[in-house]
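*Asks:* Here is the input, now give the coordinates:
(one chain, ligands or ions: 2)
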Amino acid sequence: MDIQNFINGQYVDPASGQWLDNVEPATGKVYGRIPDSDERDVEEAVIAAKAAFPAWAAMTNKQRSDILMKVSRGIEARLPELAAAESRDNGKPLKLATRVDIPRARDNFAFFATAILHDSAETHDMGESGFNYTLRKPLGVAGCISPWNLPLYLFTWKIAPALASGNTVVAKPSEVTPVTAALLGEICNEAGMPPGVLNIIHGLGGKVGAAMTVHPDTPAISFTGGTTTGQTIARTAAPMFKKLSLELGGKNPNIIFADCDFEDMLNTTVASSFANQGQICLCGSRIFIERPIYEKFKEAFVERVKKLTVGPPNKETTKVGALVSKPHIEKVQSYIELAKEEGGTVLTGGNRVVLEGEYSEGFYLEPTVIEGLEYTCRTNQEEIFGPVVTLTPFDTEEEVLTMANSTMYGLAATIWTSDLKKAHRVGSLVESGIVWINCWLVRDLRTPFGGMKNSGVGREGGFEALHFFTETKNICVKL
Ligand SMILES: NC(=O)C1=CN([C@@H]2O[C@H](COP(=O)(O)OP(=O)(O)OC[C@H]3O[C@@H](n4cnc5c(N)ncnc54)[C@H](O)[C@@H]3O)[C@@H](O)[C@H]2O)C=CC1
Ligand SMILES: O=C(O)/C=C/C=C(\O)C(=O)O
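*Replies:* Numbering: from 1, shown residues only. Ligands and ions are numbered 1, 2, ... in the order given. Predicted coordinates:
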């Protein structure tokens with residue numbers, strides 16, 4: 001299956017005439033080609049987006065909202081097809097793509113299509129001498145760059161607010177999982193989105209992403225991906241005074257107190273550790289357990305993890321699918337080896353899984369649980385982004401906070417306790433942009449979403465996302 005760039009409402013080949021292989025993680029085999037685009041394709045896309053901007057920005061919020069709602073309904077209408085494409089491209093279980101990824105892409109469009117109808121600006125009253133009012137103007141052409149772990153989910157999480165607030169967009173999905181983004185162009189055309197409003201360029205980050213970032217006519221860049229890539233983007237964009245939204249890596253603590261609801265915690269901790277093969281920036285990869293329940297937790301957790309079925313993404317019984325790529329599974333395996341060198345004991349997992357028949361070369365890995373590591377070691381400090389978690393006991397709140405806050409990251413934390421005061425106390429001291437108490441990945445799209453420290457800059461979600469894609473202007477009126 002070959003895909004093309006989507007520029008000015010048309011599907012076109014890359015200027016280079018060159019293509020990249022697209023590999024199916026479940027089989028390890030090439031199953032299509034994607035454009036190996038470069039700065040010439042980005043230039044064409046920016047030209048189209050600039051031309052479309054005045055008319056799109058001049059529409060009323062209601063007019064834009066109507067089109068974006070049609071996109072949302074178009075995603076819903078093609079949900080089975082999109083879910084199958086996502087699962088094949090990424091390796092994630094089809095069930096997950098059907099229940100989570102594609103519904104969330106649909107909801108992202110519906111959420112921002114309706115949010116824009118409820119947005120308003122401030123007035124600052126100066127009494128008899130006058131008043132100020134605030135205008136928020138779209139920026140122009142927004143650059144949106146997204147990763148491979150939640151492909152259409154995160155692609156639309158950026159595009160929808162950018163479009164709703166009146167910008168046109170040049171977007172780049174990950175070259176590892178480009179297919180559902182390519183299909184989105186068809187849905188936008190069917191929804192009556194004017195040509196040039198959304199443009200989608202495929203290819204390598206170092207070529208396409210870099211060209212989008214350095215282009216003088218992309219005043220805002222919204223990026224989700226690895227922290228190192230975020231640093232590269234910031235180095236280019238900051239001196240150009242671009243607006244930057246960076247959602248980066250995490251090394252999230254999952255803090256389990258002895259007084260928690262054990263069964264609820266156990267069920268959710270299995271999911272927060274291994275959902276999407278552990279490839280979600282919000283997964284809790286460092287599990288801290290209060291000492292009185294450490295052994296009980298370890299035994300119960302390992303027993304549950306051993307029962308997780310690793311299998312082909314399209315099989316009904318599969319709980320853990322394929323990791324996204326060969327380089328990625330090799331990276332994750334290298335961390336398991338590192339953990340052993342650092343003195344860790346693998347309690348379960350640690351090995352590649354070789355399935356039968358057409359899946360024998362797929363990227364399957366056992367869900368892995370490790371204990372006995374110092375909290376300061378590399379395994380406990382660096383983002384692994386795979387189905388690997390570590391267990392560490394703790395005795396006091398102070399101790400667990402020291403360990404939880406010891407990494408360069410600060411994205412998400414989970415706290416399990418029946419003591420609301422303790423939950424609130426620890427929640428306010430843990431260095432994380434997002435804290436879940438007695439739950440995980442419960443999402444309300446209105447809430448600020450993003451990380452502290454090296455986990456990012458800025459917040460997505462709700463009005464914060466809509467406002468990121470605007471320039472705020474204050475107008476002072478003297479009476
Ligand atoms: N949401 C998250 O927190 C994610 C974190 N990661 C982390 O990053 C590590 C590396 O994964 P990658 O796939 O290499 O992520 P990445 O950060 O390289 O890729 C994310 C997106 O950025 C683009 N990109 C790459 N280099 C770029 C550049 N110089 N300028 C502009 N755009 C660029 C990519 O093409 C892709 O669309 C993973 O092992 C994981 O630890 C990866 C994906 C998502
Ligand atoms: O918005 C969400 O619900 C989830 C976002 C997840 C990421 O940004 C990620 O895994 O990279």
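*Asks:* Please compute how far the helix or strand where Ala181 lies lies from its chain's middle.
*Replies:* If you go by DSSP states H and E, Ala181 is part of helix 179-190. Relative to the chain's own centre, helix 179-190 is displaced by 19 Å; criterion: Cα atoms, centre = their mean, to the nearest Å.
*Asks:* Buried ones in it, by neighbour count?
*Replies:* Buried residues in helix 179-190, defined by neighbour count with 16 or more other Cβ atoms under 10 Å: 179-185, 187-189. (Each C-beta comes from the backbone N, C-alpha and C, glycine too.)
*Asks:* got it, and stretch 288-297?
*Replies:* By neighbour count on 16+ other Cβ under 10 Å, the buried set for stretch 288-297 is 288-290, 293-294, 297.
*Asks:* hmm, who's touching it?
*Replies:* With Cβ atoms under 8 Å, 6 or more residues apart in numbering as the test, stretch 288-297 has contacts from 253-258, 262, 266, 298, 391-395, 400, 403-404.
*Asks:* That stretch: end-to-end distance?
*Replies:* This stretch, stretch 288-297, spans 10 Å end to end (Cα to Cα, to the nearest Å).
*Asks:* just the CA coordinates of the helix holding Ala181, formatted as PDB?
*Replies:* Taking C-alpha atoms only, helix 179-190 is exported to PDB below (Å, rounded to 0.1, in the frame of the first residue of the first chain):
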ATOM      1  CA  VAL A 179      -1.300   5.600   7.100                       C
ATOM      2  CA  THR A 180      -4.200   6.900   9.100                       C
ATOM      3  CA  ALA A 181      -3.000  10.500   8.700                       C
ATOM      4  CA  ALA A 182      -3.000   9.900   4.900                       C
ATOM      5  CA  LEU A 183      -6.600   8.700   5.000                       C
ATOM      6  CA  LEU A 184      -7.600  11.800   7.000                       C
ATOM      7  CA  GLY A 185      -7.100  13.900   3.900                       C
ATOM      8  CA  GLU A 186      -9.900  12.000   2.100                       C
ATOM      9  CA  ILE A 187     -12.200  12.600   5.100                       C
ATOM     10  CA  CYS A 188     -11.400  16.300   5.100                       C
ATOM     11  CA  ASN A 189     -12.200  16.600   1.400                       C
ATOM     12  CA  GLU A 190     -15.400  14.800   1.900                       C
END
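*Asks:* From the contact counts, what lies against the helix or strand following that helix?
*Replies:* Per DSSP H and E, helix 179-190 leads on to strand 198-200 as the next helix or strand towards the C-terminus. Applying 3 or more Cβ pairs under 8 Å, 6 or more residues apart in numbering; DSSP states H and E, one finds that strand 198-200 contacts strand 5-7, helix 39-58, strand 168-172, helix 179-190.
*Asks:* What's the per-residue pLDDT of Ala160 here?
*Replies:* Looking at Ala160, its pLDDT stands at 99.
*Asks:* Would you mind measuring from the residue lying closest to it once chain neighbours are set aside to Gly462?
*Replies:* Residue nearest to Ala160 in three dimensions, not counting chain neighbours: Phe112, with 4.0 Å by Cβ to Cβ, 6 or more residues apart in numbering. Distance from Phe112 to Gly462, counting by Cβ to Cβ, to the nearest Å: 9 Å.
*Asks:* Over to Trp436?
*Replies:* 17 Å.
*Asks:* The two: who's more crowded?
*Replies:* It is Trp436, of Trp436 and Gly462, that has more neighbours when counted by other Cβ atoms under 10 Å, with 22 against 19.
*Asks:* Give me the neighbour count for the residue nearest to the more buried one when sequence neighbours are not counted.
*Replies:* Leaving aside its chain neighbours, Trp436 sits nearest to Thr414 (4.7 Å; criterion: Cβ to Cβ, 6+ apart). Other residues near Thr414 number 28, with proximity taken as other Cβ under 10 Å.
*Asks:* Looks like Ala105 contacts Leu82 (just checking).
*Replies:* Yes - proximity of Ala105 to Leu82 meets the contact threshold set by Cβ atoms under 8 Å, at 7.5 Å.
*Asks:* Tell me which of those two has more neighbours.
*Replies:* Ala105 (31 against 27).
*Asks:* thinking again about what came up before, output the helices and strands packed on strand 198-200 as TSV; include the columns mean pLDDT.
*Replies:* Shown next, in TSV, are the helices and strands packed on strand 198-200 (pLDDT from 0 to 100):
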stretch	mean pLDDT
strand 5-7	99
helix 39-58	99
strand 168-172	99
helix 179-190	98
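*Asks:* Of all the ones you listed, which one comes closest to Ser87?
*Replies:* helix 179-190 (10.0 Å; Cβ to Cβ).
*Asks:* And Asn405, how close does it get to ligand 2?
*Replies:* Taking Cβ to the nearest ligand atom, to the nearest Å as the measure, Asn405 falls 21 Å from ligand 2.
*Asks:* For that residue, grab phi and psi.
*Replies:* Reported as degrees, to the nearest 10, the phi and psi values for Asn405 are phi -90, psi 10.
*Asks:* Number of residues surrounding it?
*Replies:* For Asn405, the neighbour count with other Cβ under 10 Å is 17.
*Asks:* three-state assignment of the residue nearest to it when sequence neighbours are not counted?
*Replies:* Nearest residue to Asn405 in three dimensions, chain neighbours excluded: Glu431, at 4.5 Å (Cβ to Cβ, 6+ apart). With DSSP: H, G, I helix; E, B strand; the rest coil as the basis, Glu431 sits in coil.
*Asks:* can you count the residues close to the closest residue to ligand 1 within the stretch 301-450 of the chain?
*Replies:* Nearest to ligand 1 in the stretch 301-450 of the chain, going by Cβ to the nearest ligand atom, is Phe385, at a distance of 3.6 Å. For Phe385, the neighbour count with other Cβ under 10 Å is 25.
*Asks:* Find the nearest non-adjacent residue to it, please.
*Replies:* Per Cβ to Cβ, 6+ apart, closest to Phe385 is Gln279, 5.6 Å.
*Asks:* Also Ile3?
*Replies:* Counting by Cβ to Cβ, 6+ apart, Ala182 is the residue found nearest to Ile3 once chain neighbours are left out, at 4.0 Å.
*Asks:* Go ahead and confirm that neighbour touches Val12.
*Replies:* No - taking contacts as Cβ under 8 Å, Ala182 lies outside contact range of Val12: 11.8 Å.
*Asks:* so the residue lying closest to Asp419 once chain neighbours are set aside is in which element?
*Replies:* In this structure, Asp419 finds its nearest non-sequential neighbour in Asp259, 5.9 Å apart by Cβ to Cβ, 6+ apart. Taking DSSP H and E as the definition, one finds Asp259 inside no helix or strand.
*Asks:* If I look at Asp259, what pLDDT would I see?
*Replies:* pLDDT recorded at Asp259 is 98.
*Asks:* will you turn the buried residues of stretch 288-297 into JSON lines that also has pLDDT, distance to Met1 and secondary structure?
*Replies:* Shown next, in JSON lines, are the buried residues of stretch 288-297 (pLDDT from 0 to 100; distance: Cβ to Cβ, whole Å; DSSP: H, G, I helix; E, B strand; the rest coil):
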{"residue": "Phe288", "pLDDT": "99", "distance to Met1": "44", "secondary structure": "strand"}
{"residue": "Ile289", "pLDDT": "99", "distance to Met1": "45", "secondary structure": "strand"}
{"residue": "Glu290", "pLDDT": "99", "distance to Met1": "50", "secondary structure": "strand"}
{"residue": "Ile293", "pLDDT": "98", "distance to Met1": "49", "secondary structure": "helix"}
{"residue": "Tyr294", "pLDDT": "99", "distance to Met1": "49", "secondary structure": "helix"}
{"residue": "Phe297", "pLDDT": "99", "distance to Met1": "45", "secondary structure": "helix"}
